[in-house]
Structure formats: C-alpha cells, structure tokens
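J.: Based on what follows, work out the 3D shape:
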Amino acid sequence: MTVLAQSFPSLEGAQGVDPWDPIRFEAWATDEETDDNVVWAAGFVLSVWEGEDDDFLWDLQRALNDWGHSDREAFIAWCREPWWP
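T.: Residues are numbered from 1 along each chain as shown. As a prediction, the model looks like this:
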C-alpha cells in the first residue's frame with residue numbers, strides 16, 4: 001500500500017503512508033484543508049485497501065477530472081496491473 005500511495009504525487013508527504021497506517025492516512029486525507037487531488041488519490045488508495053467496505057467516498061469521474069497528469073498516470077499504471085491486498 002505504501003508503494004501505491006507513493007506513486008501519486010499529490011500524496012507526497014502524506015501521514016500514514018510509510019509505514020502504512022490506514023487510520024492515520026484517512027485522517028490526514030480528510031483534513032478540511034486537503035485539496036481535491038489529495039482527496040481523490042487517497043480515496044482511491046483506501047478503496048484498494050478496504051475494497052467494498054470502504055467508507056471513504058471515491059468517484060472515478062470526478063477524480064479523473066480533478067487530477068493532474070501525474071496522478072492520472074499513477075492511476076492508469078495501477079489499472080494496467082491491478083492488485084488488491
């Protein structure tokens with residue numbers, strides 16, 4: 001999960017990434033001052049981690065619209081070879 005999270009430039013320096021701590025990571029990502037790129041990248045990472053039990057809302061269309069090129073490329077790289085923990 002650390003490697004996946006670190007592949008998103010908008011998650012650089014995120015708390016709870018290394019070592020992986022999903023509770024800390026979600027708390028960091030849901031901070032009121034977090035921008036949309038971070039929210040969508042974190043939401044995607046958490047959806048991979050938690051699967052169908054994910055309480056963190058994630059919207060693919062909005063994420064692709066809001067992400068910059070580098071974050072979209074990180075997502076596309078995962079889509080090419082998806083995996084789940």
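
J.: alpha carbons only for contacts and neighbour counts from here, please
T.: OK.

J.: Where does pLDDT dip in the chain?
T.: In the predicted model, the chain carries pLDDT under 70 at residues 52-57.

J.: quick one, longest helix in it?
T.: helix 36-50 (DSSP state H).

J.: can you pull the buried residues of the following helix or strand past it?
T.: Downstream of helix 36-50, the first helix or strand assigned by DSSP states H and E is helix 60-66. For helix 60-66, the neighbour count (16 or more other C-alpha atoms under 10 Å) marks 63-64, 66 as buried.

J.: and if you look at stretch 70-85?
T.: For stretch 70-85, a neighbour-count test (16+ other C-alpha under 10 Å) marks 71-72, 74-75 as buried.

J.: CA atoms only for stretch 61-71 - export them in PDB, please.
T.: The C-alpha coordinates for stretch 61-71 follow below in PDB (Å, rounded to 0.1, in the frame of the first residue of the first chain):
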ATOM      1  CA  GLN A  61     -15.200  10.500 -13.000                       C
ATOM      2  CA  ARG A  62     -14.600  13.400 -10.500                       C
ATOM      3  CA  ALA A  63     -11.100  12.100  -9.700                       C
ATOM      4  CA  LEU A  64     -10.100  11.900 -13.300                       C
ATOM      5  CA  ASN A  65     -11.400  15.400 -13.900                       C
ATOM      6  CA  ASP A  66      -9.600  16.900 -10.900                       C
ATOM      7  CA  TRP A  67      -6.300  15.000 -11.000                       C
ATOM      8  CA  GLY A  68      -3.300  16.500 -12.800                       C
ATOM      9  CA  HIS A  69      -1.400  14.400 -15.400                       C
ATOM     10  CA  SER A  70       0.900  12.700 -12.900                       C
ATOM     11  CA  ASP A  71      -1.900  11.500 -10.600                       C
END
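
J.: Report the distance from that stretch to the chain centre.
T.: Centroid separation between stretch 61-71 and its chain, computed with C-alpha atoms, centre = their mean, to the nearest Å, is 11 Å.

J.: contact partners of it?
T.: 7-10, 36-37, 40-41, 72 (C-alpha atoms under 8 Å, 6 or more residues apart in numbering).
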